[in-house]
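Enquirer: sequence first, predicted coordinates after that:
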Amino acid sequence: MFAGLSLDQAPPYKAPIKFFLVAPIFAVLAGFFALFSNNYEIHNPLIIATIHLVTIGFIILTILGALQQMLPVIAGAVIPNAKKVSNITYGLITLGVVSFTVGFLLYEKLYLFLAATMLLIGLSYFIFIALVQLFKVKNKSFIVIGIILSLVFFMIAFAIGIHLIIANATSNINDVHYDFALLHYNYIFFGFLFFLIVAITIQVVPMFWVASAYKKYEQIVIIFTTTALLIFYPINLFMGLEMDLVYKILFNFIILYFAFLTIQKLQNRKRKLKDITVYFYITSMIFLVIGSLYWLSMSFFTLPTNMLGILFGLGFVVSLMNGMMYKIIPFLTWFHLNAKGIFDIPTMREMIAQKNMQTQFYIHLSSVLFFVLGFSFALHFIIKLASFLFIVSNVMLFINIYKTVQIYMKNHTRDPFGLGK
Amino acid sequence: MIKEIVLDTTELEAPEPMTVVLNNLSKLDELTSIKMIHRIEPQMLFPILDKNNLHYKIVPKNDDVIIYIWNNNFKDKAQFTDLN
């Protein structure tokens, strides 16, 4: 008798799943704040709360859930004491997000202090453990190197963020404060989010969509050029080289190359079954390209910065996370039931109806497009419509993924071999 | 006679390649080995092979990866030593 899939190869089911289930709830809350906001200025406390409910509540929590599940698949690296690590991280970050939101709504410094402490401890704790496991991987593929680098850039960005908070709190704003803030934004978005998405995409596109693998030289060009540019950025900034435009143009080339390769691989995938997750992924890549060109255009024209958040944040990152969740959660469910010897379950494709995912995809896409339209022409009623659609989209996302969780809940206590009798 | 079970999983999406190879592991014996063709290295398969005391060799070929799997009793182990 051969030992097949084993549960010690992956975290317990509930460890990553709770991160995925709470993410759309935070997104719904963000939608309500945006819906009932009177102005959409970046300094409005409701908008600050909205932005962080999406960035930390939705994006970071989804990433942490995905990392727990994907590290064993990508690198054979399993987080030790997965249940404990998951519970501590989850508790600190969800409470941190709630505290952050309450802090901005009530303008209470105590809640903001609590939020900063919980988020700092929660994120550092998880990322430190993930990094230790990744450094232990013997033959590090470019994907593993990419994930390690993205987490390192995140740690640097986080340290700079703390420096900025302390500088603000002590009113110690010096000449380089703004440069540190720019470095913080760049490392969070390009160093952490973009880089991590690149590394995970290189793994999951061939794995989940039967597409050809990224060639070695393609991986080298993307990963090492991104790293070189991210190292060059602070040198340019602090040495006053004034080569911002060169940095932006080179980064645009990398982004266009990565997006082109990914779309090409998805379109030429070997099994061309209708798959809504492909729509999410291609949409995400298109918004990445538009966002990148918009970012470059900001060097030549006076353009609103908040549009960058819509294009990169909602269009690129949230679209991708939606599609990714629709693949990872059925995979997680299949894996855990299979490892328990329960085989008479729906296939991954059957776990969430394509029709339901399709409806949610179009609502999500409409929401992003209405946000773009609303912010382009400062039309508040269009922004409110976009916020409403964003709420509906995330309620549907929650329902769709919850149906998969129900399949697990219904089956996981079964005794397929009659061993309990 | 030496037999090689060829499992071409290049057109299967996750987790089907894993299911296919797991269903074939019990067929390994002194005369039978497995040649699995995959688009990427299946990281989660290797701990299972180790746990079952099975041997494997990973050989990249063009855009794919070939994983040869055999057990301790397999008579023609020598064929895997020169593979690159």
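Expert: Sure thing, it's come through. Note that the coordinates shown come from a computational prediction; the quantities given were computed from them, not determined experimentally.
Enquirer: okay, CA-based contacts and neighbour counts for the rest of this
Expert: OK.
Enquirer: please list all residues in contact with residue B:66.
Expert: Residue B:66 makes contact with B:35-38, B:58-60, according to Cα atoms under 8 Å, 6 or more residues apart in numbering or on different chains.
Enquirer: actually residue A:156, sorry about that
Expert: Going by Cα under 8 Å, 6+ apart, residue A:156 touches residue A:187.
Enquirer: and it, that one's in a helix?
Expert: Yes. Counting by DSSP: H, G, I helix; E, B strand; the rest coil, one finds residue A:156 located in a helix.
Enquirer: which one of the contacts of residue B:66 is nearest to chain A?
Expert: Of all the contacts of residue B:66, residue B:38 has the smallest distance to chain A: 9.5 Å, by Cα to the nearest Cα.
Enquirer: up against chain A, what does chain B have?
Expert: Chain B comes close to chain A at residues B:10-15, B:22, B:25-26, B:39-40, B:42-44, B:47-48, B:51-52, B:63-64, as judged by Cα under 8 Å from any Cα of the partner chain.
Enquirer: try 10 Å this time
Expert: On the criterion Cα under 10 Å from any Cα of the partner chain, chain A has as its neighbours in chain B the residues B:9-19, B:21-23, B:25-26, B:38-49, B:51-53, B:62-64.
Enquirer: of these, which belong to helices?
Expert: B:16-19, B:21-23, B:45-49, B:51 (DSSP state H).
Enquirer: buried subset of these?
Expert: B:17-18, B:21-22, B:45, B:47-49 (16 or more other Cα atoms under 10 Å in any protein chain shown).
Enquirer: any stretches of chain B with poor pLDDT?
Expert: B:82, B:84 (pLDDT under 70).
Enquirer: give the contact list for residue A:89.
Expert: A:19, A:61, A:64, A:83, A:95, A:118-119, A:121-127 (Cα atoms under 10 Å, 6 or more residues apart in numbering or on different chains).
Enquirer: which of these are buried? Put it as a PyMOL command.
Expert: Selection of the buried residues among the contacts of residue A:89 in PyMOL, burial being defined by 16+ other Cα under 10 Å:
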select buried, chain A and resi 19+61+64+83+95+118+119+121+122+123+124+126+127
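Enquirer: so where does the residue nearest to residue A:37 when sequence neighbours are not counted fall, helix or strand?
Expert: Once flanking residues are discounted, residue A:37 sits nearest to residue A:46: 6.5 Å by Cα to Cα, 6 or more residues apart in numbering or on different chains. Following DSSP states H and E, one finds residue A:46 within helix A:45-52.
Enquirer: so for that helix, mean pLDDT?
Expert: Averaged over helix A:45-52, pLDDT sits at 88.
Enquirer: with stretch A:24-36 instead?
Expert: Rounded mean pLDDT across stretch A:24-36 is 96.
Enquirer: so who does the closest residue to residue A:356 other than its chain neighbours touch?
Expert: Take residue A:356 and drop its neighbours on the chain: the residue closest to it by Cα to Cα, 6+ apart is residue A:400, 7.2 Å away. Contacts for residue A:400 (Cα under 10 Å, 6+ apart) come out as A:326, A:351-353, A:356-357, A:360, A:394.
Enquirer: farthest-separated two in those?
Expert: Spanning the widest gap among these are A:351 and A:394, at 18.2 Å by Cα to Cα.
Enquirer: quick one on the thing from earlier: pipe the contacts of residue A:400 into JSON lines and attach neighbour count, secondary structure and pLDDT per row.
Expert: Converted to JSON lines, the contacts of residue A:400 look like this (neighbours: other Cα atoms under 10 Å in any protein chain shown; DSSP: H, G, I helix; E, B strand; the rest coil; pLDDT from 0 to 100):
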{"residue": "A:326", "neighbour count": "22", "secondary structure": "helix", "pLDDT": "96"}
{"residue": "A:351", "neighbour count": "22", "secondary structure": "helix", "pLDDT": "93"}
{"residue": "A:352", "neighbour count": "21", "secondary structure": "coil", "pLDDT": "94"}
{"residue": "A:353", "neighbour count": "12", "secondary structure": "coil", "pLDDT": "94"}
{"residue": "A:356", "neighbour count": "14", "secondary structure": "helix", "pLDDT": "97"}
{"residue": "A:357", "neighbour count": "23", "secondary structure": "helix", "pLDDT": "97"}
{"residue": "A:360", "neighbour count": "23", "secondary structure": "helix", "pLDDT": "98"}
{"residue": "A:394", "neighbour count": "23", "secondary structure": "helix", "pLDDT": "98"}
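Enquirer: what pLDDT does residue A:141 get?
Expert: pLDDT, residue A:141: 88.
Enquirer: does it really touch residue A:76, like I thought?
Expert: No. Counting by Cα atoms under 10 Å, residue A:141 sits too far from residue A:76 to count as a contact (11.4 Å).
Enquirer: more neighbours, those two?
Expert: residue A:76 (21 against 13; other Cα atoms under 10 Å in any protein chain shown).
Enquirer: doesn't residue B:45 make contact with that one?
Expert: Yes. Counting by Cα under 10 Å, residue A:76 does reach residue B:45; the two are 9.4 Å apart.
Enquirer: show me whatever sits in contact with both of the two.
Expert: With Cα under 10 Å, 6+ apart, residue A:76 and residue B:45 have common neighbours residue A:9.
Enquirer: which residue is the nearest non-sequential neighbour of residue A:17?
Expert: residue A:65 (6.7 Å).
Enquirer: and the one you found, that's in a helix?
Expert: Yes. Under three-state DSSP, residue A:65 sits within a helix.
Enquirer: just give me the neighbour total for it.
Expert: 24.
Enquirer: contacting residues around it?
Expert: A:14-21, A:23, A:86, A:90, A:325, A:328-329.
Enquirer: ranges for the strands of the stretch 251-400 of chain A?
Expert: Counting by DSSP state E, counting those that start in this stretch, the stretch 251-400 of chain A forms no strands at all.
Enquirer: what about the closest residue to residue A:256 other than its chain neighbours, neighbour count?
Expert: Nearest residue to residue A:256, sequence neighbours excluded (Cα to Cα, 6+ apart): residue A:289, at 6.1 Å. Using other Cα under 10 Å, residue A:289 has 22 other residues around it.
Enquirer: can I get stretch A:251-267 in PDB, CA atoms only?
Expert: Taking Å, rounded to 0.1, in the frame of the first residue of the first chain, the C-alpha atoms of stretch A:251-267 are listed here in PDB:
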ATOM      1  CA  PHE A 251      10.400  49.500 -15.100                       C
ATOM      2  CA  ASN A 252       7.700  50.000 -17.800                       C
ATOM      3  CA  PHE A 253       9.700  47.700 -20.100                       C
ATOM      4  CA  ILE A 254       9.900  45.000 -17.400                       C
ATOM      5  CA  ILE A 255       6.200  45.300 -16.700                       C
ATOM      6  CA  LEU A 256       5.200  45.200 -20.400                       C
ATOM      7  CA  TYR A 257       7.500  42.200 -20.900                       C
ATOM      8  CA  PHE A 258       6.000  40.300 -18.000                       C
ATOM      9  CA  ALA A 259       2.400  41.200 -18.900                       C
ATOM     10  CA  PHE A 260       3.000  40.300 -22.600                       C
ATOM     11  CA  LEU A 261       4.500  36.900 -21.700                       C
ATOM     12  CA  THR A 262       1.700  36.100 -19.200                       C
ATOM     13  CA  ILE A 263      -1.100  37.100 -21.600                       C
ATOM     14  CA  GLN A 264       0.600  35.200 -24.400                       C
ATOM     15  CA  LYS A 265       1.000  32.000 -22.300                       C
ATOM     16  CA  LEU A 266      -2.600  32.200 -21.100                       C
ATOM     17  CA  GLN A 267      -4.000  32.700 -24.600                       C
END
